[in-house]
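> compute the structure for the input listed below.
(2 chains)
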Amino acid sequence: MMHAKQKQSLLQSDGAVSVLVVLLGFFCGTILIALVGKNPLNMYKAILQSLTGYNVDNGKMNVRYIGETLNYSVPFILCGLSMAFANRVGLFNIGGEGQYIMGLTVAQAVALLGPTIPHLHWMIAIIAAVVIGSLWGGIVGLLKAKYEVSEVVSTIMLNYIALYLSRIICLQLPGATTYKTANFPATSLIGNSFFQKITNNSLLNNGIFMMLAAVILYWFIMEKTSLGFGMRATGFNKEAARASGIPVVKSIALSMAISGAFAGLAGGIVALGSFKYGRVLSGMDNYGFDGIAVALVGNSTALGTMLAGLLFGMLKNAQALMQSKQIPKEITFIIQGLIVIFIALRSALKLYREYLDKRALQKEVGVQ
Amino acid sequence: MNMIFGMFPSILMIVAPILITAIGGMICEKSGVVNIALEGLMAIGACTAASAHVLMESAGVPHTLSLFLALVSGSLAGGTFSLIHAVAAINLNADQTISGTGINLLASGVTIFASQILFSADRTREFRMGMQTDFLGIYPTAYIAIAVVILSWFLLYKLPFGMHLRSCGEHPSAAESVGINVKRMRYIAVFSSGILAGLAGGCVVLTQTIQYTSNTINGRGFIALAAVSFGRWRPLGVMGAAFLFGTAQAFAIIANNIPALRVLPTEVFNILPYVVTLVALVLFSGKNYAPRAAGKPYEKGAS
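Numbering: from 1, shown residues only, chains lettered A, B, ... in the order given. Sure, this is the predicted structure:
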């Protein structure tokens, strides 16, 4: 009896299951690499280097890798929050990518065309990115609430519309060639010279502070406000929420708008923090899509999403290192995909729990 | 008029894979399982078919046989991967959107990973010759698509098997009570959607390009998914929807040859299919035609 209870409580902890799922994903990835005749150890060497900056092969230390890992995780965490926010309301926001692209595009446009006033310039650009992101998400919420268009389909369409719209806009920006625009004025950048100094010129920038603020804001809205309570209630049971006077339609539209704001912020930060010029996107950056996995691994909580985002940032930073060690970098996508599939299979644990409960009950009844 | 006639073969080339995939998605949803992994399954099929064709071509296999085997292997690969979704959705009551997303992510990794292993590049090697058009300028894929539509209509609406399958998507416990094996029906449906998506992926790669890259499928599976709901879960409706989206996509290619339209950036035409899809979904929203139990796990004895 006791034994079964312990097993149950471990399986009931979402955090423990997430860790298990991630380990399982890495385990399968390791086996796959070994199967194709490569050395899995090289993958872990690359991951260690991207996490700590320590190169096992020559014993050298380069703190730049730590800075890059942190910088990569910023958009992952923000897109994760975007997905998580919608998820809490019972919506599946596959549109993080489009909201991210729109944020990135508008930030680039403001950076090149906005007033070059110190501090004010980048602030306007970031705010514009947040606003367009929330509009792009809000449309989805509106279509869902008013016309019952499935958010899964509409967000996917809006992702592609965002990509091509971004190209149309960016090709009109000053100095645009087929793949980049003119350089941004210095007033629009969000670099941080202190970070650059201590991380050996990594791209780590002020965006990390905005990310931290967003994480705290997410936690506050979700756990501490009645707005968040209404949204979570809608996510648990729409009909019950409606019956208890929570405006469900408003809740859905608003939560998609807030969800989009996080992704838009991610786009703004990447545009102004990681690049000195505007990019004419030829494909998607995939932060938005990966945000889905980040939120799922983090169980849509603030802290969990942050940790999961760090994991994904680390993997992304390790990709180039893997490629240089003859490990196809796509293994990271495979691991991420497997992690999501295992999360879906988590429902099997519920079935297993029910089975344990039934067994325990049968035992009790049998004894008496 | 002449121009529209001239457009017809390229419209068919683009519509065929979307239609084949959408029919698979429709069958799947009719049985009560939503499959948003169509995009990933198409990618798997496309990559497998392209690789198989390249390898057989260089091994000297006759062209037609090589194409045929490439399509078959693409379908089988799609079918195999769809089984992951089947196990998750049918046996383990998993959230179908999550497991579908997982397969999409996995597919984007697996296809390029395989190319890296097989061809040491982030794409498959180019094949020398893809499918050839017939005397009307039409690719065989168009005939395959039409056959798939007719076959699916016949299976779903003219045979007892089809009625059983549809009943699993409308009211699974009622179906179970009259002796229909709901799980088996759903397995068949998910597997056929995987086969069809894989086949369609092969059709894309063998008619529209010369190799598989990470951009080959580029949202076609998602468009097919939209075509299912826009087509109101009926073979003819889905066919109409697929034609609408395909025409919008073909227009992007054709607009290049029309001087009056060349002043607009190509991106305007690239956007078109997605905008058309979205607008269509809004305009024709309202009454919900979806199978009632679609997306809901079925537990025996529950409810």
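> thought B:I84 was touching B:N104?
No - using C-beta atoms under 8 Å as the test, B:I84 is too far from B:N104 to be in contact (11.4 Å). The C-beta positions use only the backbone N, C-alpha and C, and glycine is treated the same way.
> so which bits of the helix or strand where B:N270 lies are buried?
Using DSSP states H and E, B:N270 falls within helix B:266-283. For helix B:266-283, a neighbour-count test (16 or more other C-beta atoms under 10 Å in any protein chain shown) marks B:266-278, B:280-281 as buried.
> stretch A:314-325 now?
A:314-319, A:321-322, A:325.
> contact partners for residue 199?
Picking chain A for this. When contacts are counted by C-beta atoms under 8 Å, 6 or more residues apart in numbering or on different chains, A:T199 touches A:63-64, A:66-67.
> to clarify, I was referring to chain B.
Residues near B:L199 by C-beta under 8 Å, 6+ apart: B:20, B:45, B:71, B:74-75, B:78, B:144.
> so how far is A:A176 from B:L264?
B:L264 sits 17 Å away from A:A176, taking C-beta to C-beta, to the nearest Å as the criterion.
> and what of A:I334?
As judged by C-beta to C-beta, A:I334 and A:A176 stand 36 Å apart.
> neighbour count winner among these two?
Higher neighbour count among A:I334 and A:A176: A:I334, with 23 against 18, using other C-beta atoms under 10 Å in any protein chain shown.
> for A:L296, see how far away that one is.
A:I334 sits 16 Å away from A:L296, going by C-beta to C-beta.
> same check, this time on B:F135
52 Å.
> repeat for A:V63
Applying C-beta to C-beta, the value for A:V63 to A:L296 is 31 Å.
> over to B:D122?
As judged by C-beta to C-beta, B:D122 and A:L296 stand 27 Å apart.
> show me where the stretch 151-300 of chain B dips below the pLDDT cut-off.
B:285-288, B:300 (pLDDT under 70).
> would you mind listing what in it touches chain A?
By C-beta under 8 Å from any C-beta of the partner chain, the residues of the stretch 151-300 of chain B that approach chain A are B:214-215, B:219, B:222, B:225-226, B:229, B:265, B:267-268, B:270-271, B:274-275, B:277-278, B:281-282, B:285-286, B:288, B:297.
> which helix runs longest in chain B?
Counting residues, the longest helix found in chain B (DSSP state H) is helix B:2-30.
> quick one: that one to helix B:266-283, angle?
Relative orientation of helix B:2-30 versus helix B:266-283 (axes from the mean of the first three to the mean of the last three C-alpha atoms, to 10 degrees): 50 degrees.
> which neighbouring elements make contact with the next helix or strand after helix B:2-30?
Per DSSP H and E, the first helix or strand lying C-terminal to helix B:2-30 is helix B:38-59. Counting contacts by 3 or more C-beta pairs under 8 Å, 6 or more residues apart in numbering or on different chains; DSSP states H and E, helix B:38-59 packs against helix B:2-30, helix B:63-86, helix B:96-119, helix B:182-208, helix B:220-230.
> tell me the most buried of those?
helix B:220-230 (a mean of 29; mean count of other C-beta atoms under 10 Å in any protein chain shown).
> what does that helix contact?
Contacts for helix B:220-230 (C-beta under 8 Å, 6+ apart): A:150, A:152-153, A:156-157, B:17-19, B:21-22, B:24-26, B:29, B:35-43, B:197, B:200, B:204, B:237-238, B:241-242, B:244-245, B:273-274, B:277, B:280-281, B:284, B:289-290.
> repeat that for 6 Å
With contact meaning C-beta atoms under 6 Å, 6 or more residues apart in numbering or on different chains, helix B:220-230 is reached by A:153, A:156, B:18, B:21-22, B:25-26, B:38-39, B:42, B:238, B:241-242, B:245, B:277, B:280-281.
> what's the first helix or strand after it?
helix B:235-255.
> who touches A:I292 in this structure?
Contacts for A:I292 (C-beta under 6 Å, 6+ apart) come out as A:83, B:101.
> tell me how far it lies from A:G298.
Plainly put, A:I292 is 11 Å away from A:G298 if you go by C-beta to C-beta.
> mutual contacts of those two, please.
Counting by C-beta under 6 Å, 6+ apart, A:I292 and A:G298 have no shared contacts at all.
> save the contacts of A:T199 as CSV, and put in distance to chain B, pLDDT and secondary structure too.
Formatted as CSV, the contacts of A:T199 follow (distance: C-beta to the nearest C-beta, whole Å; pLDDT from 0 to 100; DSSP: H, G, I helix; E, B strand; the rest coil):
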residue, distance to chain B, pLDDT, secondary structure
A:V63, 30, 89, coil
A:R64, 25, 90, helix
A:I66, 26, 92, helix
A:G67, 26, 93, helix
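> of the residues you listed, select the buried ones using a ChimeraX command.
Buried members of those, defined by 16+ other C-beta under 10 Å, are picked up in ChimeraX with:
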select /A:64,66,67
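> so B:S99 sits against A:L345, correct?
No - between B:S99 and A:L345 there is no contact under C-beta atoms under 6 Å: 7.4 Å.
> okay, and the common contacts of those two?
The contact sets of B:S99 and A:L345 overlap at B:A88 (C-beta under 6 Å, 6+ apart).
> sorry, back to before: what would the helices and strands packed on helix B:38-59 look like in JSON lines with distance to A:L307?
Converted to JSON lines, the helices and strands packed on helix B:38-59 look like this (distance: least, C-beta to C-beta, whole Å):
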{"stretch": "helix B:2-30", "distance to A:L307": "35"}
{"stretch": "helix B:63-86", "distance to A:L307": "26"}
{"stretch": "helix B:96-119", "distance to A:L307": "19"}
{"stretch": "helix B:182-208", "distance to A:L307": "34"}
{"stretch": "helix B:220-230", "distance to A:L307": "30"}
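> what parts of chain A come near chain B?
Within chain A, the positions lying close to chain B (C-beta under 6 Å from any C-beta of the partner chain) are A:36, A:92, A:147-149, A:153, A:156-157, A:160-161, A:164, A:167-168, A:292, A:328, A:330, A:333-334, A:336-337, A:340-341, A:344-345, A:347-348.
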